[in-house]
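Trainee: this one's sequence-less:
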């Protein structure tokens, strides 16, 4: 079955510290992988996506993610977190056989301490 | 960037009434629109996929007679919750795409539905 797991429900980091949000997926075909951020009162915004090619993907707001097929993972990283990064982060998987449908993980709430 | 709007942003209704939520792609033509439901502190659950001019495809477990979806144009899709009950209270989010499976989905800000 297709699924996405984000093991960390809630993460707290200090401003300026590095961040890694974990994402593991189960998908039968070639996966398309996405990270979205959801802030209160706003729609989900795409941070980055992976379809093929270079397994290290750069996104907006200084985020990057690395696709590791052997580990079925697509972890999101940022070297230095800003207070404005506090939000809900969702990993999602889609694929060529899915006509654009996305399966979302449970989400990780990021809290940033001053 | 591509903008998707939803209206209303929140609605309160009495049990047994129907509520219509609109999803519009403001600056692009959306070949496909998706409707999600999100419970507090939980993930987005896909309810249905709609393509302009076609019947919506509902996910398993979603009652198509309760959640009516119409995608009449390339810029507008509507979700009608018929005979709403308190258990239908939730956050409903739409997204729009114009580039098939490899395309980004652009999300609306969501609609908070509360059924009394």
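Mentor: Everything's here; your move. Since the structure is predicted, the reported quantities are computational estimates derived from the model, not experimental observations. Numbers count the residues shown, from 1 in each chain, chains lettered A, B, ... in the order given.

Trainee: use CA for all of it now, contacts and neighbours both
Mentor: OK.

Trainee: tell me how many other residues surround the residue lying closest to residue B:51 once chain neighbours are set aside.
Mentor: Leaving aside its chain neighbours, residue B:51 sits nearest to residue B:32 (4.6 Å; criterion: Cα to Cα, 6 or more residues apart in numbering or on different chains). Using other Cα atoms under 10 Å in any protein chain shown, residue B:32 is surrounded by 24 other residues.

Trainee: center of chain A, which residue is that?
Mentor: residue A:35 (3.4 Å; Cα atoms, centre = their mean).

Trainee: how far away is that residue from chain B?
Mentor: 11 Å (Cα to the nearest Cα, to the nearest Å).

Trainee: residues contacting that residue?
Mentor: A:46-49, A:76, A:89-92 (Cα atoms under 8 Å, 6 or more residues apart in numbering or on different chains).

Trainee: want to throw those into a markdown table with neighbour count, secondary structure and distance to residue A:114?
Mentor: Output for the contacts of residue A:35, formatted as a markdown table (neighbours: other Cα atoms under 10 Å in any protein chain shown; DSSP: H, G, I helix; E, B strand; the rest coil; distance: Cα to Cα, whole Å):
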| residue | neighbour count | secondary structure | distance to residue A:114 |
| --- | --- | --- | --- |
| A:46 | 19 | strand | 25 |
| A:47 | 21 | strand | 23 |
| A:48 | 21 | strand | 26 |
| A:49 | 24 | strand | 29 |
| A:76 | 24 | strand | 21 |
| A:89 | 27 | strand | 20 |
| A:90 | 28 | strand | 23 |
| A:91 | 31 | strand | 26 |
| A:92 | 28 | strand | 29 |
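
Trainee: output the residues you listed in TSV; the columns should cover distance to residue A:9.
Mentor: Converted to TSV, these look like this (distance: Cα to Cα, whole Å):
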residue	distance to residue A:9
A:46	20
A:47	19
A:48	20
A:49	21
A:76	14
A:89	10
A:90	11
A:91	12
A:92	15
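
Trainee: quick one: which of those residues is nearest residue B:45?
Mentor: residue A:92 (11.3 Å; Cα to Cα).

Trainee: and the closest one, how far is that from residue B:19?
Mentor: Distance from residue A:92 to residue B:19, counting by Cα to Cα, to the nearest Å: 29 Å.

Trainee: now swap in residue B:63 and tell me
Mentor: 15 Å.

Trainee: residue ranges with poor pLDDT in chain B?
Mentor: Residue ranges of chain B with pLDDT under 70: B:99-103.

Trainee: mind redoing it with 80?
Mentor: In the predicted model of chain B, residues B:1, B:41, B:98-104 satisfy pLDDT under 80.

Trainee: which residue ranges form the strands in it?
Mentor: Taking DSSP state E as the test, the strands found in chain B are B:4-7, B:10-13, B:19-25, B:32-38, B:44-51, B:57-58, B:67-73, B:76-81, B:90-97, B:106-107, B:111-115.
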